[in-house]
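S.K.: this is a predicted model, with the sequence first.
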Amino acid sequence: FVPSHKLSFLTKKAHNNAPPSLSAKKVEFSKYHGLGNDFILINNLESGTPPLTPEESSKLCDRNFGIGADGVIFASKSEKDGYDLKMTIYNSDGTEPEMCGNGIRTLAQFLVDESAKEGNMPTLPFTYNIETLAGPILPKVEASREIEVDMGYPIFTAAEIPTTLDANFEDGGVVDQDIDVKGKTFKCSLVSMGNPHCVVFTSGPEIVSDAELMDWGSVLESHPAFPANTNVEFVAVQSDTHVVMKVYERGAGPTLACGTGACALVIAAVRSGRIPHARDGVRVTLPGGDLVIQWGGEGEKVYMTGPAVLSFKGDVEV
Ligand SMILES: N[C@@H](CCC[C@H](N)C(=O)O)C(=O)O
């Protein structure tokens with residue numbers, strides 16, 4: 001655990017760029033991505049409340065009229081004991097998810113880079129304890145610059161996903177349960193990583209086309225079986241240690257990668273018997289590159305390893 005005062009050098013003097021007019025806010029940002037899943041990062045460590053509304057954040061995510069991103073992440077002050085900071089995230093449509101796997105890797109890299117800029121580069125490996133709506137999440141930035149994240153415990157019960165589908169697994173979970181849409185039957189396995197995921201396995205090694213992802217993903221995302229909507233992953237198993245996926249994200253549509261989704265689908269592959277175990281790590285090939293997901297089985301935490309990369313920095317009037 002790192003006391004929050006050790007992060008004090010990262011705090012900014014209250015939005016020190018004077019706004020050009022009474023109505024405009026000027027905000028410094030850094031743009032990062034994890035395998036092409038891209039985020040606008042904002043240093044808000046002086047405050048527990050994001051400086052932008054969900055609507056303002058959504059505008060910044062617009063790829064034609066804004067900076068362009070899958071979401072906006074605020075590094076905010078945690079009011080709770082034991083945490084270094086709090087992550088708040090808005091999807092590109094302005095909704096607030098509980099967690100984001102690629103996002104929390106970019107946040108960890110952002111914190112390291114901001115510290116280095118101030119001449120306080122932490123000794124690597126370095127682990128942050130971050131408060132999220134999904135509970136504590138711990139990204140460890142390795143000397144190699146890979147980031148391994150303790151993603152906590154997966155959740156399986158139908159009520160907690162949440163879903164109205166009938167539980168059909170011994171622990172109250174939902175595995176390979178049918179949903180009929182667009183004249184097709186999808187066998188859905190549900191896992192929450194704090195945020196909900198509906199995993200659909202293809203029958204062979206071929207992954208769905210982009211048109212199918214759009215068509216089926218958008219319908220399943222807001223299907224009545226999911227009262228809080230859901231992220232949707234289509235998955236083609238290649239071997240016991242390698243799977244390929246495409247994702248349609250809740251609140252963002254198709255993205256190049258989804259960290260919580262990669263965790264969910266590896267767990268779903270084990271629970272449905274499609275792969276024997278994930279205790280030594282499973283390679284997940286996403287449209288933007290590879291993640292490694294490790295899960296020891298029921299009652300164990302999930303670990304995700306992958307990169308986080310700075311694209312550019314700037315300031316923007318909102
Ligand atoms: N891309 C993320 C997930 C972001 C949140 C998601 N869209 C939701 O609404 O749950 C990841 O890498 O996990």
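M.R.: Alright, I've got the coordinates. Keep in mind that this is a model prediction, so the values were computed, not measured.
S.K.: stretch 120-135 near the ligand at all?
M.R.: No: on the criterion Cβ under 6 Å from any ligand atom, stretch 120-135 is out of touch with the ligand, staying 9.6 Å away. (C-beta placed from N, C-alpha, C; glycine too.)
S.K.: buried residues in that stretch, which are they?
M.R.: Buried residues in stretch 120-135, defined by neighbour count with 16 or more other Cβ atoms under 10 Å: F126, T127, Y128, N129, I130, E131, T132, A134.
S.K.: and those, which two are furthest apart?
M.R.: The largest distance within the buried residues of stretch 120-135, taken as Cβ to Cβ, falls between F126 and A134 and amounts to 21.5 Å.
S.K.: tell me, what residue is most central in this structure?
M.R.: C100 (1.9 Å; Cα atoms, centre = their mean).
S.K.: and that one, what does it touch?
M.R.: Residues counted as contacts of C100 (Cβ atoms under 8 Å, 6 or more residues apart in numbering) are F39, G71, I73, M87, I89, N195, G259, T260.
S.K.: wait, doesn't the third one sit right on N44?
M.R.: No: using Cβ atoms under 8 Å as the test, I73 is too far from N44 to be in contact (9.6 Å).
S.K.: what do those two both touch?
M.R.: T88.
S.K.: circling back to that earlier point, of the buried residues of stretch 120-135, just say which sits nearest to the ligand.
M.R.: When those are compared for distance to the ligand (Cβ to the nearest ligand atom), A134 wins out at 9.6 Å.
S.K.: count of neighbours near the nearest residue to that closest one once chain neighbours are set aside?
M.R.: In space, and not counting its chain neighbours, A134 is closest to G194: 2.2 Å by Cβ to Cβ, 6 or more residues apart in numbering. Neighbour count of G194, defined by other Cβ atoms under 10 Å: 20.
S.K.: can you confirm G194 is in a helix?
M.R.: No: secondary structure assignment (DSSP: H, G, I helix; E, B strand; the rest coil) places G194 in coil, not in a helix.
S.K.: what residues does the stretch 151-300 of the chain put near the ligand?
M.R.: N195, N231, E249, R250, G251, A252, T255, C258, G259, T260, G261.
S.K.: switch to 8 Å and redo it
M.R.: By Cβ under 8 Å from any ligand atom, the residues of the stretch 151-300 of the chain that approach the ligand are 193, 195-197, 229-231, 247, 249-252, 255, 257-262.
S.K.: among those residues, which ones are in helices?
M.R.: G259, T260, G261, A262 (DSSP state H).
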